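Asker: could you look at this predicted model? Sequence included:
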Amino acid sequence: MSEEERLAQVVQQMIDDHRDLAAISPAWVATQAMEVIEFPRGLHPLGYAGCHLELRQIARAKLRRQFDPTSREREDFEEDFFPETLQDRYPRRQNPDDEPVYIPRGLMSQSDIDYNVGRMRRAGYGLLKHAQALEEWGAAHLGGAA
């Protein structure tokens, strides 16, 4: 197993082991992973910062894939298009510059719900516009039906 795969495995384990938390963020997951890999801040402060940033990137991607319904990285995107059940967690409404925080569905406020519904509708609308544009391009350039 490569070092990258091992780090990704540690990050995923932190996410899985702490599913009961009220909120989970990439920075928090990265900090927990730093403890697991036994890299203390005092060992090499700049190295710690670099490793923490990389673990945060890994965590951000994993959390987005697992808990962000608008993510194009989701493995179940097509299969989960009209899900029978909702996700366990969703992103909390935040300022655009803030790192995402994922909270259990039961702790969402109306503002959080509105935020996620709006994001999902924008993402869906954007995909529909893109599909239509590609279909029209195909009709114009390849003679297909639009």
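Answerer: Looks like it came in fine.

Asker: what about residue 6, neighbour count?
Answerer: Residues lying near residue 6 (other Cβ atoms under 10 Å) number 11. Where C-beta positions appear, they are placed from N, C-alpha and C, glycine not excepted.

Asker: pretty sure it sits in a strand.
Answerer: No. The assignment for residue 6 is helix, going by DSSP: H, G, I helix; E, B strand; the rest coil, so no strand is present there.

Asker: distance check, it against residue 116.
Answerer: Going from residue 6 to residue 116 by Cβ to Cβ, to the nearest Å gives 33 Å.

Asker: could you pull out the strands for the protein?
Answerer: Along the chain, the segments classed as strands by DSSP state E run 89-91, 102-104.

Asker: of all those, which one comes closest to residue 127?
Answerer: Distance to residue 127, taken as Cβ to Cβ, is lowest for strand 89-91 among these, at 18.6 Å.

Asker: what mean pLDDT does that closest one have?
Answerer: The average pLDDT within strand 89-91 is 93.

Asker: tell me the contacts of residue 47?
Answerer: By Cβ atoms under 8 Å, 6 or more residues apart in numbering, residue 47 lies in contact with residue 39.

Asker: how near is it to residue 30?
Answerer: Counting by Cβ to Cβ, the gap from residue 47 to residue 30 is 14 Å.

Asker: neighbours of residue 66, how many?
Answerer: Residues near residue 66, counting by other Cβ under 10 Å, number 19.
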